[in-house]
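S.K.: Here is the input, now give the coordinates:
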Amino acid sequence: MFADPIEMGYDLSVYKVPGSSTHVFSIEDNADGNHRRYFRTVKPILVPRRICITGRSTRVVEAQEVYSFHNPTPIPDARTYVLREAWIEQDAKTERQIQAELFADLKAFGDQLLVCEHEPDQFIDFGEDMKAEIRDIFSRDAYKDYFLTIACDSVGYPSKAVAPGCAEVEDVFDPDPKKQRPIRQINPSPMEPSSSNGSISVTPGREYKPRKPYRLLYEQRCSTLDDGTITSLHDVFSLAKGCLTALILMFCAKWVHKDISSGNVLLWRNPVDGRVSCKLGDLEFARRFPLPSPKDRDTPTGTPYFMPVEIALKLHGAPDDPPEVDDNELWYCPVQHNFHHDIESLWWIMLWVFTLLVGHQPSIEDVRDVFVSDDSIVNSRWNAIINPRTVCRVLTKFHPELAFLAEPLKTLRSELYISMASRNTVPKQRSVLNYSRIYTSMRRFLYTPLPSHLPLLVREGTYLIPKKRQREPSMEETNQLESPMKRLHVSAS
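M.R.: Numbers count the residues shown, from 1 in each chain. Reported below is the predicted structural model:
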């Protein structure tokens with residue numbers, strides 16, 4: 001009765017065009033004179049349809065700039081943009097802010113690199129060709145070319161907070177007790193005293209924090225491995241090489257991406273000269289490395305198919321024979337996303353392409369328990385990293401025309417395991433010196449000489465579609481989840 005339209009949930013920055021299924025979005029472009037621009041949707045790129053009234057999925061559509069809500073005709077020489085709409089936490093940074101911070105750190109690194117006589121720590125295991133490539137990128141100020149260009153963005157009004165005294169009620173639509181979700185329980189932290197009766201704590205319900213709509217316009221319309229427009233394995237290798245270069249640049253600036261997936265590694269064809277290049281998208285979760293303290297909780301993020309196993313399991317994967325818990329601080333610390341994890345995600349993408357996207361049924365059947373369709377991580381997924389026999393078995397089912405990748409893949413798996421197993425103390429986890437080698441290893445694999453003829457990518461009914469990332473718990477929720485003491489004995493045999 002006394003609420004205004006915004007408080008009742010109306011979004012005054014969106015207008016549905018009468019007699020059409022399209023909408024016009026109003027974007028307040030603060031970066032260009034603080035004026036409003038209007039963009040009309042053209043066609044969807046990613047519009048998930050979730051049966052959930054409490055969550056808002058990210059939507060991506062093509063859009064063109066128009067005059068206004070009531071004159072939705074394109075302006076002269078209107079170009080096509082990609083409009084992305086997401087709901088982020090009220091106090092979260094926008095992607096444009098995150099990108100600006102990353103670019104500032106990259107510029108600072110480049111300026112220092114070009115005048116300093118000593119090589120940075122990040123270069124310790126880089127080959128001369130890698131060093132030359134990175135120096136050339138910074139000498140031309142070309143580091144921005146590996147990321148999407150944000151034309152403009154806008155933040156809307158946040159959702160209302162949950163009223164005081166309200167509590168979540170589970171199983172409203174399915175009261176059958178046989179189908180009720182099990183209560184997730186956690187063991188007390190070894191750093192905290194146990195209760196006298198030995199009881200265990202219970203994870204609290206989800207926090208419904210206020211979120212704000214965030215819309216941004218990208219200048220590049222790219223292709224991904226998910227949309228079916230990339231059919232050449234040569235393009236896949238070009239895409240992976242560009243992604244690796246972008247990750248090396250982030251490594252130089254001491255940033256981690258945290259969500260390397262088939263939908264965020266983007267292929268862009270320059271409309272002027274037709275050249276193909278990689279753009280690394282979705283910096284929503286990117287952050288500086290390391291976190292202030294090794295005991296800080298890091299909200300797990302990622303797409304399940306490509307999520308690093310340490311992140312998915314919340315378990316440290318090293319070493320084989322760890323010292324006593326009291327002698328190693330690492331086992332009291334939660335798993336934090338590091339540089340290795342970004343490279344491991346790229347490994348999973350490549351393995352996914354080689355086994356599920358080339359239309360070879362034996363390899364498809366062989367990895368169905370590796371690329372699982374839910375958020376669980378099974379033993380075969382873990383073994384694909386730590387056990388050489390698992391990879392050898394997978395390679396025997398490879399497409400015959402990809403047999404030349406067998407030895408390079410074996411070597412890369414071994415390097416991934418060594419990278420994980422060697423970081424068995426807190427100082428090793430937090431030092432960039434211990435991550436340089438894995439970038440060199442991935443580069444060596446991606447630059448394997450390719451034959452002129454390779455199988456085309458096939459999708460119809462032959463591959464498993466990556467499940468999109470679901471909502472992850474907030475930092476407060478994560479802090480109450482599992483014990484910070486995480487140990488897992490692994491073996492390379």
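S.K.: shaky segments in the stretch 151-300 of the chain?
M.R.: 170-206 (pLDDT under 70).
S.K.: at 90 what do you get?
M.R.: Counting by pLDDT under 90, the ranges of the stretch 151-300 of the chain that qualify are 156-211, 226-229, 269-276, 299-300.
S.K.: Same question for the stretch 1-150 of the chain.
M.R.: For the stretch 1-150 of the chain (pLDDT under 90), the answer is 1-12, 28-35, 46-59, 117.
S.K.: need the strands for it, in chain order.
M.R.: 14-16, 23-29, 35-46, 59-66, 80-89, 150-155 (DSSP state E, counting those that start in this stretch).
S.K.: In this protein, which residue is most central in space?
M.R.: D259 (0.9 Å; CA atoms, centre = their mean).
S.K.: so where does it fall, helix or strand?
M.R.: Assigned by DSSP states H and E, D259 falls within no helix or strand.
S.K.: thinking again about what came up before, now the strands of the stretch 1-150 of the chain as JSON lines including distance to S238?
M.R.: Quick note: C-beta positions are derived from backbone N, CA and C, even for glycine. Converted to JSON lines, the strands of the stretch 1-150 of the chain look like this (distance: least, CB to CB, whole Å):
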{"stretch": "strand 14-16", "distance to S238": "38"}
{"stretch": "strand 23-29", "distance to S238": "33"}
{"stretch": "strand 35-46", "distance to S238": "22"}
{"stretch": "strand 59-66", "distance to S238": "23"}
{"stretch": "strand 80-89", "distance to S238": "21"}
{"stretch": "strand 150-155", "distance to S238": "24"}
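S.K.: other SSEs contacting whatever helix or strand S277 lives in?
M.R.: For S277, the host element (DSSP H and E) is strand 276-280. Packing partners of strand 276-280 (3 or more CB pairs under 8 Å, 6 or more residues apart in numbering; DSSP states H and E): helix 233-252, strand 265-269.
S.K.: Check the offset of the longest one from the chain's centre.
M.R.: Looking back up the chat, that one is helix 233-252. Put simply, helix 233-252 sits 14 Å off its chain's centre (CA atoms, centre = their mean, to the nearest Å).
S.K.: Toward the C-terminus, what is the element adjacent to the strand holding S277?
M.R.: Assigned by DSSP H and E, the successor of strand 276-280 is strand 287-288.
S.K.: ok, and what's touching that next one?
M.R.: Outside strand 287-288, the residues that touch it by CB atoms under 8 Å, 6 or more residues apart in numbering are 98, 101, 105, 254-256, 258.
S.K.: rewinding a little: I'd say the residue nearest to the centre of the chain and T301 touch.
M.R.: Yes - counting by CB atoms under 8 Å, T301 is a contact partner of D259 at 5.4 Å.
S.K.: And the residue nearest to the centre of the chain, how far from F285?
M.R.: For D259, the distance to F285 equals 5 Å [CB to CB, to the nearest Å].
S.K.: so what sits against both of these two?
M.R.: T301.
S.K.: pLDDT of stretch 434-454, averaged?
M.R.: Averaged over stretch 434-454, pLDDT sits at 96.
S.K.: what does stretch 350-361 give?
M.R.: Rounded mean pLDDT across stretch 350-361 is 94.
S.K.: first to last residue in it, what's the distance?
M.R.: 17 Å (CA to CA, to the nearest Å).
S.K.: circling back to that earlier point, so the residue nearest to the centre of the chain versus P300, what's the distance?
M.R.: Distance from D259 to P300, by CB to CB: 10 Å.
S.K.: same question, A240
M.R.: For A240, the distance to P300 - CB to CB - is 24 Å.
S.K.: now do P455
M.R.: Counting by CB to CB, the gap from P455 to P300 is 34 Å.
S.K.: How about L106?
M.R.: Counting by CB to CB, the gap from L106 to P300 is 26 Å.
S.K.: cool, and R444?
M.R.: R444 is 29 Å from P300, by CB to CB.
S.K.: burial count for the residue lying closest to P120 once chain neighbours are set aside?
M.R.: Excluding the flanking residues, the one nearest P120 by CB to CB, 6 or more residues apart in numbering is L113, at 6.5 Å. By other CB atoms under 10 Å, 19 other residues sit near L113.
S.K.: Could you double-check that L113 lies in contact with D121?
M.R.: No - using CB under 8 Å, L113 makes no contact with D121, being 11.8 Å away.
S.K.: so H340, which of the three states?
M.R.: helix (DSSP: H, G, I helix; E, B strand; the rest coil).
S.K.: Please list all residues in contact with it.
M.R.: Counted by CB under 8 Å, 6+ apart, H340 has contacts 308, 416, 419-420, 423, 435, 438.
S.K.: from those, which has minimum pLDDT?
M.R.: Minimum pLDDT across these falls on R423, with 88.
S.K.: more crowded one of P455 and P300?
M.R.: P300 (22 against 16).
S.K.: Leaving out chain neighbours, which residue sits closest to the more buried one?
M.R.: I311 is the one closest to P300 (CB to CB, 6+ apart), at 5.3 Å.
S.K.: returning to that earlier point: what angle sits between the strand holding S277 and strand 265-269?
M.R.: 140 degrees (axes from the mean of the first three to the mean of the last three CA atoms, to 10 degrees).
S.K.: Go through strand 276-280 and flag the buried ones.
M.R.: Neighbour-count burial for strand 276-280, counted by 16 or more other CB atoms under 10 Å, picks out 276-280.
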